[in-house]
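Novice: My questions concern the predicted model and sequence given below.
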Protein chains: 2
Amino acid sequence: MARAATTSDVFNAIAEPQRREILVLLRAGERPVTGLAREMGMTQPQASKHLRVLREVGLVRERRAGKQHLYGLDARGLRPVHEWAGGFERFWNESFDRLDAYVQGLKQERQEE
Amino acid sequence: MARAATTSDVFNAIAEPQRREILVLLRAGERPVTGLAREMGMTQPQASKHLRVLREVGLVRERRAGKQHLYGLDARGLRPVHEWAGGFERFWNESFDRLDAYVQGLKQERQEE
DNA sequence: TTGACGCATGCTCATATGGGCATATGATTC
DNA sequence: GAATCATATGCCCATATGAGCATGCGTCAA
């Protein structure tokens, strides 16, 4: 295997910069594929493919409006990402000026548990 | 191109489940490669490779202790991830009952989901 | 110095991409 | 039904993996 499919894991789906950008754009409201493609500066097939990935992991929703397929944000899937990263909050607040201090800090925490 | 290198982007580096698990383990304190490999149930080369990726994006730090290379967490790089996902907080808090109302027109097509 | 230990690398393989392009599918209008 | 617009898919290519295995390299003890 090479890697878990992007379509099965939110973390993998948002590993693509353009897909993250699409999600950001969709915060302003739903859009048709072509509109998104234009704003992103990509081809329609490319936009469709990225949207498919996002749809399969549940980060976007599709709504049919005549000939158009409007895509809207469904950010609930990003909550686990936020929480996972948040689990490291106390660590990125530590002082990394000195490696010694860093190591000491970890050793202390280790003993406390 | 296939995808941005895992070694150049934190989002991509943490797209790998095992690397996320390594980071979680390192919250309890630094460890030598072999120790980590054992805890993760993977081979030493695999552990080294994952650690290299994490090191190149700056999520872990290496410290030499005799024959051993101790790896410790440097979670500062996870802060952007936390903040990025946090930018969607108001959206996942939205009532999706209302959102479904806003998607009123497609009730007919959505019956299978 | 000679080993042994702890890691990092290089190699090959199979697979999952993302981009570009052509084309199939669906819906709308004439 | 035909023409057309809006999307979704299928294909091919080049590249980036992750796994498994062998091996190179630095460190330390005898």
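Specialist: Cool, got the structure.

Novice: roughly how far apart are A:Gly35 and A:Gln68?
Specialist: 9 Å (CB to CB, to the nearest Å). C-betas here are computed from N, CA, C, even on glycine.

Novice: Find the centremost residue of chain A, please.
Specialist: A:Ile14 (3.4 Å; CA atoms, centre = their mean).

Novice: Model confidence score at it, please.
Specialist: In this model, A:Ile14 is scored at 96, pLDDT.

Novice: With adjacent residues omitted, what lies nearest to it?
Specialist: Closest residue in space to A:Ile14, ignoring its immediate chain neighbours: A:Arg20 at 5.4 Å, by CB to CB, 6 or more residues apart in numbering or on different chains.

Novice: quick one: is the helix or strand harbouring the one you found near DNA strand D?
Specialist: Using DSSP states H and E, A:Arg20 sits in helix A:17-26. No. Remark: helix A:17-26 sits outside contact range of DNA strand D, by CB under 7 Å from any atom of the strand, the gap being at least 11.9 Å.

Novice: Ok, stretch A:45-54 next?
Specialist: Yes. For stretch A:45-54, a contact with DNA strand D is found by CB under 7 Å from any atom of the strand, at A:Pro45, A:Ala47, A:Ser48, A:Lys49, A:Leu51, A:Arg52.

Novice: ok, now stretch A:72-90?
Specialist: No. Figure legend: stretch A:72-90 not in contact with DNA strand D (CB under 7 Å from any atom of the strand); closest approach 12.2 Å.

Novice: List the buried residues of that stretch.
Specialist: Of all the residues in stretch A:72-90, those buried under the rule 16 or more other CB atoms under 10 Å in any protein chain shown are A:72-79, A:81-82, A:84-85, A:88.

Novice: Between the two ends of it, how far is it?
Specialist: End-to-end distance of stretch A:72-90 (CA to CA, to the nearest Å): 34 Å.

Novice: And for stretch A:20-40?
Specialist: 11 Å.

Novice: buried stuff in that stretch?
Specialist: Buried-residue list, stretch A:20-40, by 16+ other CB under 10 Å: A:20-23, A:25-26, A:30-33, A:36-37, A:40.

Novice: In a markdown table, list these along with distance to A:Ser8.
Specialist: Shown next, in a markdown table, are the buried residues of stretch A:20-40 (distance: CB to CB, whole Å):
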| residue | distance to A:Ser8 |
| --- | --- |
| A:Arg20 | 18 |
| A:Glu21 | 21 |
| A:Ile22 | 19 |
| A:Leu23 | 18 |
| A:Leu25 | 24 |
| A:Leu26 | 21 |
| A:Glu30 | 24 |
| A:Arg31 | 25 |
| A:Pro32 | 27 |
| A:Val33 | 23 |
| A:Leu36 | 23 |
| A:Ala37 | 25 |
| A:Met40 | 24 |
